[in-house]
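S.K.: sequence and predicted structure below; questions after.
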Amino acid sequence: MTSLIEAHDVRRTYGSGSKTYDAVRGVDLTLARGELLAVLGVNGAGKTSLVEVLEGMAPATSGTIKVFGHDPHEQRSKVRPRTGIMLQEAGFSGDLTVTETLQMWSGTLSSPRPIPEALDIVNLGHRADIRVKSLSGGERRRLDLAMATLGRPELLFLDEPTTGLDPASREATWAVVQGMLDHGTSVLLTTHYLEEAEQLADRLVIMAEGQIVREGTVAQITAEEPSRIQFDAAALAQLPLEDLAGLPGLTRVPQTVRNDVVLTSSDLQATLGALLGMADAAGARLDNLDARSGSLEQAFLSLSNTPVPAVAA
């Protein structure tokens with residue numbers, strides 16, 4: 001597949017002299033035509049700094065970036081007409097109506113879509129004559145998306161597009177993005193919502209401390225995480241921890257977390273089957289038993305150096 005974005009050894013440093021901060025540290029990244037790539041990371045991981053240089057809004061300190069084969073900062077005039085950008089916050093004039101806001105932005109574009117069409121895509125047609133200051137927070141985010149897609153972009157940058165939206169509005173936004181993907185638009189998405197990445201992304205990267213620490217499909221990333229088995233610690237009266245340590249597939253010594261026993265395994269079926277057999281033989285009850293494969297949340301937390309919580313009973 002053709003790559004719309006090709007970035008190699010990208011670095012972005014703030015400050016000078018002895019007071020510098022490396023926000024992006026040697027990132028390699030590609031985005032294929034028709035693909036949605038999600039960039040995940042906690043606050044301060046470097047997501048925004050990376051996306052700004054990919055958009056061409058700021059220069060990289062070093063490394064190479066090509067978007068449509070051009071440097072997005074030095075050759076911005078060749079890249080900008082083919083991209084759409086949805087920022088976390090847009091500076092709308094509250095006194096303009098929704099239609100007037102889009103008309104103003106439409107004048108800066110070479111081949112904008114009709115404004116009624118742009119409003120229909122984000123389900124804002126019924127609010128066309130409403131002043132922006134009267135829109136709800138969710139409606140303003142949909143107006144953001146209408147602005148970003150008004151120029152029929154081949155490449156769309158979405159920076160936390162559903163932050164602050166209620167679940168229904170979030171689902172509606174996902175449907176809009178999926179529709180654009182179906183029509184060939186490529187999307188680079190930053191998000192804090194792991195469910196959003198799981199539902200939309202063809203591929204994702206997880207950033208920590210300015211670097212990409214893991215990348216791949218959701219299935220590839222979660223496959224590298226151990227499975228977890230958890231049950232009430234009352235069973236330890238019949239199943240001592242030292243006996244549980246002999247279960248097949250364990251990746252670490254059995255632990256107690258609050259009132260639960262937690263097992264981590266590289267082979268969920270083998271470990272769970274042996275555990276159930278051991279419990280039957282010992283006459284032990286495994287109350288509040290919970291067994292699950294590795295998850296994107298688990299991978300995200302572990303790679304972000306955030307403690308992984310025990311599963312709630």
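M.R.: Yes, it's here. Numbering: from 1, shown residues only.
S.K.: surely residue 95 touches residue 133?
M.R.: Yes - assessed by Cβ atoms under 8 Å, residue 95 is found in contact with residue 133 at 6.9 Å. For glycine as for every other residue, the C-beta is placed from the backbone atoms N, C-alpha and C.
S.K.: what about stretch 159-176, distance to the chain center?
M.R.: Centroid separation between stretch 159-176 and its chain, computed with Cα atoms, centre = their mean, to the nearest Å, is 13 Å.
S.K.: ok so residue 64 is a strand residue?
M.R.: Yes - with DSSP: H, G, I helix; E, B strand; the rest coil as the criterion, residue 64 is assigned to a strand.
S.K.: which residues does it contact?
M.R.: Residues near residue 64 by Cβ atoms under 8 Å, 6 or more residues apart in numbering: 6-10.
S.K.: farthest-separated two in those?
M.R.: Farthest-apart pair in the contacts of residue 64 is 6 and 9; separation 11.5 Å (Cβ to Cβ).
S.K.: higher neighbour count, these two?
M.R.: residue 6 (15 against 12; other Cβ atoms under 10 Å).
S.K.: what strand or helix carries that one?
M.R.: strand 3-16 (DSSP states H and E).
S.K.: how about the strands in the stretch 1-150 of the chain?
M.R.: 3-16, 19-32, 36-40, 62-67, 83-86 (DSSP state E, counting those that start in this stretch).
S.K.: quick one: terminal-to-terminal distance for stretch 35-51?
M.R.: End-to-end span of stretch 35-51 (Cα to Cα, to the nearest Å): 16 Å.
S.K.: could the contacts of residue 64 go into a markdown table alongside distance to residue 32 and pLDDT?
M.R.: Formatted as a markdown table, those follow (distance: Cβ to Cβ, whole Å; pLDDT from 0 to 100):
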| residue | distance to residue 32 | pLDDT |
| --- | --- | --- |
| 6 | 10 | 97 |
| 7 | 13 | 97 |
| 8 | 16 | 97 |
| 9 | 20 | 97 |
| 10 | 18 | 97 |
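S.K.: which one among those gets closest to residue 100?
M.R.: residue 7 (37.3 Å).
S.K.: pairing-wise in the sheet, spell out the partners of the closest one.
M.R.: Counting by DSSP bridges, residue 7 is bridged to residue 29, residue 65.
S.K.: neighbours of it, how many?
M.R.: 22.
S.K.: I figured it hits residue 37, correct?
M.R.: No - judged on Cβ under 8 Å, residue 7 makes no contact with residue 37 at a distance of 11.3 Å.
S.K.: give the residues shared as contacts by the two.
M.R.: Common neighbours of residue 7 and residue 37 (Cβ under 8 Å, 6+ apart) are residue 29.
S.K.: tabulate the contacts of residue 64 in CSV, adding columns for distance to residue 57.
M.R.: Formatted as CSV, those follow (distance: Cβ to Cβ, whole Å):
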residue, distance to residue 57
6, 18
7, 15
8, 19
9, 20
10, 14
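S.K.: among the strands of the stretch 1-150 of the chain, which is nearest residue 269?
M.R.: So among the strands of the stretch 1-150 of the chain, strand 36-40 is nearest, using Cβ to Cβ, at 28.8 Å.
S.K.: helices or strands up against the closest one?
M.R.: helix 47-55, strand 186-190, helix 194-200, strand 203-208 (3 or more Cβ pairs under 8 Å, 6 or more residues apart in numbering; DSSP states H and E).
S.K.: give me the helices and strands touching the first one, please.
M.R.: This points to helix 47-55. Looks like helix 47-55 contacts strand 3-16, strand 19-32, strand 36-40, strand 62-67, strand 155-159, strand 186-190 (3+ Cβ pairs under 8 Å, 6+ apart).
S.K.: among those, which is nearest residue 293?
M.R.: Of the helices and strands packed on helix 47-55, the one closest to residue 293 (Cβ to Cβ) turns out to be strand 36-40, at 19.0 Å.
S.K.: and for the closest one, what's in contact with it?
M.R.: 29, 31, 47, 50-51, 177, 181, 186-192, 194, 196-197, 200-207, 300.
S.K.: filter those down to the buried ones and hand me the PyMOL line.
M.R.: Command for PyMOL, covering only those of the contacts of strand 36-40 found buried under the criterion 16 or more other Cβ atoms under 10 Å:
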select buried, resi 29+31+47+50+51+177+181+186+187+188+189+190+191+194+196+197+200+201+202+203+204+205+206+207+300
